[in-house]
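In: sequence and predicted structure below; questions after.
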Amino acid sequence: MLGLATRLGIGRAALEEEIGKPPEALTQKEARDWNRELAKRSTEQKSTISRKRGYLPESVDSFELAYLLEQKDAGALLRFTLFDGQTFEGVVVGFSPYQITIRQPEGDEITLNKLAIVYYRKAGGEA
């Protein structure tokens, strides 16, 4: 219980004040209820954290999401380089955690697997 309270930024004195008595004086049921309450608060607090990078390598994190949406909305031409050396140019028309679909200048659409992409850069810009 004290560990959960510490993670939430609640000191021992504040916890005792909220509970109404020292944690050691709680019955087993009261302690279980307070642990559940603090765990719930901890989970809610974690869900409000804005992460810059994704949990998994294949996920669309907030940074990539914002970047790809910006490039898509701007109609920017991006150049994609794959691990096998192939390159593709096009405007982003859609993406998911695993793929990016682009429309090439000739009008063809192609879907690239993200795990095959070494990097992509804005044409005339930096990676």
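Out: Good, I have the coordinates.

In: could I get the CA-only coordinates of stretch 62-76 as CSV?
Out: Extracted in CSV, the C-alpha atoms of stretch 62-76 (Å, rounded to 0.1, in the frame of the first residue of the first chain):
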residue,chain,number,x,y,z
SER,A,62,2.3,9.8,-31.0
PHE,A,63,5.4,11.3,-32.7
GLU,A,64,5.1,9.2,-35.8
LEU,A,65,1.3,9.7,-35.9
ALA,A,66,1.6,13.5,-35.8
TYR,A,67,4.4,13.5,-38.4
LEU,A,68,2.7,11.2,-40.9
LEU,A,69,-0.6,13.1,-40.5
GLU,A,70,1.2,16.4,-41.1
GLN,A,71,2.9,15.0,-44.2
LYS,A,72,-0.4,13.4,-45.4
ASP,A,73,-2.3,16.7,-44.9
ALA,A,74,0.4,18.7,-46.6
GLY,A,75,0.6,16.3,-49.6
ALA,A,76,4.3,16.1,-49.1
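
In: residues of it that come out buried?
Out: 64, 68, 71-72 (16 or more other Cβ atoms under 10 Å). To be clear about C-beta, it is placed using only N, CA and C from the backbone, and glycine gets the same treatment.

In: redo those residues as TSV? Include secondary structure, distance to Leu78 and pLDDT.
Out: Shown next, in TSV, are the buried residues of stretch 62-76 (DSSP: H, G, I helix; E, B strand; the rest coil; distance: Cβ to Cβ, whole Å; pLDDT from 0 to 100):
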residue	secondary structure	distance to Leu78	pLDDT
Glu64	helix	13	83
Leu68	helix	9	90
Gln71	helix	6	93
Lys72	helix	10	93
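
In: ok, these vs Gln28, which is closest?
Out: Glu64 (47.1 Å; Cβ to Cβ).
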